[in-house]
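Enquirer: could you look at this predicted model? Sequence included:
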Amino acid sequence: MFRFYFLICGLFMLLLETGLNAAEPLPSWNESSSKTAILNFVTQVTKAGSDHFVAPEDRVAVFDNDGCLWCEQPFYSQLAFAIYRVKKLAPEHPGWNREEPFRSILLGDTSKAFASGHKGIAELIAASHSGMTATEFSQAVEDWAANDRHPRFERSYIECVYQPQLELLAYLRENGFKTYIVSGGGIDFMRPWTERVYGIPPEQVVGSSIKSVYEVRDGIGVVVKKPELNFVDDKEGKPVGIHHHIGKRPILAVGNSDGDFQMLEYTTTGTGPRMGILIHHDDAAREYAYDRDSHVGKLNKGLDEADSRGWVLVSMKQDWKQIFPPAE
């Protein structure tokens, strides 16, 4: 009889523990000061009657994309898209076999192609991003996302997203936050897939853009992308992009590089409760380790000033139990 009683009690406690674990916020985050700071901040701003309570309509959280929500090494994923597109379009442009940087791209020598600097990269972007309608461009992005693979992790680029950040986005939304992407990446490059991957709809994506014009083709009104820069949503441009697209100063900002410095500064120098978070890439075994001297996602000034500004510096190595979602 007693044995049966203890068995029932044991099963009950196991089910109770399982239920509690299932409800645990941010399960892919280790128990650390970073996780505690995030949970405490969300509790403070969402608890009715709290001195730090923030109304739901003002709970705006902004996230960088490259290096913050997904992998940005060995080079930006949008550049991987440009390379993919150049290879796919090459049969229509036989002259590319003799012209740099296209020749090197087609030969698989990306380092030589990138050695041409901003001029060569601009030519790649122009060739792969312009001359088509916005709908055609969106379809090209979807094709790339479905078929191209990260050279190290051998999974699609949109599967190289960070599981702990997916949980943070979901946790914030569960607590009445509206989550936005504010990225130096192309706004039209991100919008086709951000809702599917991050739960962030296209209208909540802020990014860089090239100029577009309206045309009528075969009786149908279309927006056509041009090979001219329109807006760069990086560094000082990020607060401007936030102002233009969102119209409110965020209360929480998450980034990973000095390109996000002004966004975090703009967010945390406002009145009331504020939080800035920087993701530090220090895990060479599971992802990459880089900061001050990186050619991509350089973190120098932010690393020096995070503590004095009260920003949370998240160590990927120490604070995250896992990096990517399980492979499908």
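Expert: Sure, I can see it.
Enquirer: how about the most centrally placed residue in the chain, phi and psi?
Expert: Note on the chain: the residue nearest the mean C-alpha position is Asn65, at 1.9 Å, using CA atoms, centre = their mean. Per-residue torsions, Asn65: phi -100, psi -60 (degrees, to the nearest 10).
Enquirer: and for Glu154?
Expert: Listed backbone geometry of Glu154 is phi 50, psi 40, with angles given as degrees, to the nearest 10.
Enquirer: can you check the one 5 residues further on too?
Expert: Here is the backbone geometry of Glu159 (degrees, to the nearest 10): phi -100, psi -10.
Enquirer: look at it and report its pLDDT.
Expert: With respect to pLDDT, Glu159 scores 98.
Enquirer: could you check how far the residue nearest to the centre of the chain is from Ser77?
Expert: Shown here: Asn65 relative to Ser77, a distance of 9 Å by CB to CB, to the nearest Å. (Glycine included, C-beta is placed from N, CA and C.)
Enquirer: okay, and the nearest residue to the residue nearest to the centre of the chain once chain neighbours are set aside sits in which element?
Expert: In space, and not counting its chain neighbours, Asn65 is closest to Ser183: 3.7 Å by CB to CB, 6 or more residues apart in numbering. The secondary structure element spanning Ser183 is strand 178-186 (assigned by DSSP states H and E).
Enquirer: quick check: next helix or strand after that strand?
Expert: Once the chain leaves strand 178-186, the following helix or strand, as judged by DSSP H and E, is helix 187-190.
Enquirer: packing partners of that next one?
Expert: Contact here means 3 or more CB pairs under 8 Å, 6 or more residues apart in numbering; DSSP states H and E; on that basis helix 187-190 packs against helix 134-147, strand 205-217.
Enquirer: redo those as TSV? Include distance to Asn230 and mean neighbour count.
Expert: Supplementary listing: the helices and strands packed on helix 187-190 in TSV, determined by distance: least, CB to CB, whole Å; neighbours: other CB atoms under 10 Å:
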stretch	distance to Asn230	mean neighbour count
helix 134-147	13	16
strand 205-217	4	16
